[in-house]
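J.: coordinates only, sequence not included:
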Ligand SMILES: [Fe+2]
Ligand SMILES: [Fe+2]
């Protein structure tokens, strides 16, 4: 059974899981999609929307940690040294901004996308994957460590969870695209936890049907087996 103390870490871990899987998928699929783009423009555009969503989620997630999550821990104990994690965010930021601009250039279709643009986007994915892999382990250790669990009360952790969630909802527009992006990168248990505030069938109905227009172009890159047993497929 999940305790109240699990909520904050659970939410962070789910965002991390979505980012990790999206970086893996991007890295694996990128070359094949770009090589076939003359024949399959829709999938190339879907990849651009997928990457734009990933980069925007990344930036919002880091901003939430820098301005809400990390200060809350630091205010409670001097033992937290979060500066290395902040430096990681700082190193990733220019790559995320440039990657988002390139993805938007592809999506705008008003200027020619050069092979150099594709190559640069590929390189950005590789560099981000390297930086992210080194970052996510220490960060999860920090948020799940005994000190973090004990220096904030259950009520404070709940409030922090709520603040981080509200920050994401304000930063990520349209929320439907980001909610589907995260949802379809999670395992079934985490999908259920992710939509817990909303009744399950309503959440699945919203994500799978009502909001489908906002995420459908990204479908080739989302999990193919979403919530087995629910009848839902990407
Ligand atoms: Fe994080
Ligand atoms: Fe982080």
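T.: Cool, the structure landed. Keep in mind that this is a model prediction, so the values were computed, not measured. Ligands and ions are numbered 1, 2, ... in the order given.

J.: from here on, contacts and neighbour counts on C-alpha atoms
T.: Will do.

J.: buried stuff in the worst-scoring helix or strand of the chain on mean pLDDT?
T.: Within the chain, judged by mean pLDDT, DSSP states H and E, the helix or strand with the poorest mean is helix 200-205; its value is a mean of 74. Going by neighbour count (16 or more other Cα atoms under 10 Å), the buried part of helix 200-205 is 203-204.

J.: Name the residues that touch that helix?
T.: Contacts to helix 200-205, defined as Cα atoms under 8 Å, 6 or more residues apart in numbering, come from residues 192, 195.

J.: for stretch 112-130, same thing?
T.: Here stretch 112-130 makes contact (Cα under 8 Å, 6+ apart) with 23-24, 26-27, 30, 34, 92, 95-96, 99, 102-103, 105-106.

J.: from the chain's centre, how far out does that stretch sit?
T.: Here stretch 112-130 is found 19 Å from its chain centre; the criterion is Cα atoms, centre = their mean, to the nearest Å.

J.: what do you get for stretch 213-226?
T.: Centroid displacement of stretch 213-226 relative to its chain, using Cα atoms, centre = their mean, is 14 Å.

J.: List the contacts of residue 69.
T.: By Cα under 8 Å, 6+ apart, the contact set of residue 69 is 160, 164.

J.: repeat that with 10 Å
T.: Residue 69 sits next to 8, 12, 62-63, 143, 157, 160-161, 163-164 when contact means Cα atoms under 10 Å, 6 or more residues apart in numbering.

J.: do residue 103 as well
T.: For residue 103, counting by Cα under 10 Å, 6+ apart, the contacting residues are 45, 47-53, 55, 97, 113, 117-118, 121.

J.: Good, wrapping up.
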